[in-house]
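1. Following is a predicted model, sequence given first.
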Amino acid sequence: MERSIAIAEIAGRDSVAAAVAAVREHGFETVLPTIGYTGTEVGDKEAPYRAVERLRSALPPHVRVLDPVPLADPALWSAMNALPMAEVLARYGVCSPCLACHLYLHLLRVPLAWSHGNAPVISGERDTHDGRIKLSQTAASIDAATRVLSYAGVPLLSPLRSMSGEQIEALTGTDWRQGERQMGCQLSGNYLRLDGSVSYDEAGYARYLAEFFEPVGRAVVDAFRAEREGGEASDFAAVVRTVLER
């Protein structure tokens, strides 16, 4: 895949490393950084912008890094992550806003990608974090999100999926540890037991991805398309409810 521009999801260290890796692999000449907001952020609001500057310094001089674009859609976040939570828990035994939140963050970039010729979106997600499970980032959920963006005609690139922390440090420098110099989230760690373990029903999680996560993602893409073609602004709560009522 050789394209001149890519859209980078920027949050912290891993997202910067992903952008560097994607440029090396695909030869992108221009990177458009984007900062997605959920409404649950805490901490230093300037951290993502400093991450963009770190990206500029990590890339070769001939690669142009554009000014970052902030993106947010509180109604979409609520429709995917808050309003259906009781129903999702009852059906699948899975209750964490982090799951669909990561899909929301990818979907935020879709209209922007369309406006740049279906530019690829670069994500810093990983299958595991050196053996540590994050329920918001599993191999199955990354695969599912990739399929949703493919449905939109937008490649989702996740070049860090199988990388170790040491490999990522080689891309960003050893002075930047995972989780440092980035905003936090009010809901961070909500899926952890008291002992720090992650416990969930794998069969229920698989059904959640197949019956909710992916169908909702495709329905949101369809709603974006309808708006793009001159339709009214989407009622995302109704969009998600329609999926649940099928």
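-> Structure's in. What do you need?
2. immediately after the helix or strand bottoming out on mean pLDDT in the chain, which helix or strand?
-> Ranking every helix and strand in the chain by mean pLDDT, DSSP states H and E puts strand 184-185 at the bottom, with a mean of 81. Per DSSP states H and E, the first helix or strand lying C-terminal to strand 184-185 is helix 202-208.
3. tally of neighbours for residue 43?
-> 11 (other Cβ atoms under 10 Å). C-beta coordinates here come from the backbone N, C-alpha and C atoms, glycine included.
4. Next, the buried residues of stretch 90-101.
-> 92, 94, 96, 97, 98, 99, 100, 101 (16 or more other Cβ atoms under 10 Å).
5. any idea which element the last one lies in?
-> Assigned by DSSP H and E, residue 101 belongs to helix 97-108.
6. In a markdown table, list the buried residues of stretch 90-101 along with pLDDT.
-> Supplementary listing: the buried residues of stretch 90-101 in a markdown table, determined by pLDDT from 0 to 100:
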| residue | pLDDT |
| --- | --- |
| 92 | 92 |
| 94 | 83 |
| 96 | 79 |
| 97 | 82 |
| 98 | 85 |
| 99 | 87 |
| 100 | 93 |
| 101 | 94 |
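7. and the residues you listed as TSV, adding distance to residue 17?
-> Converted to TSV, those look like this (distance: Cβ to Cβ, whole Å):
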residue	distance to residue 17
92	32
94	29
96	25
97	25
98	21
99	23
100	25
101	21
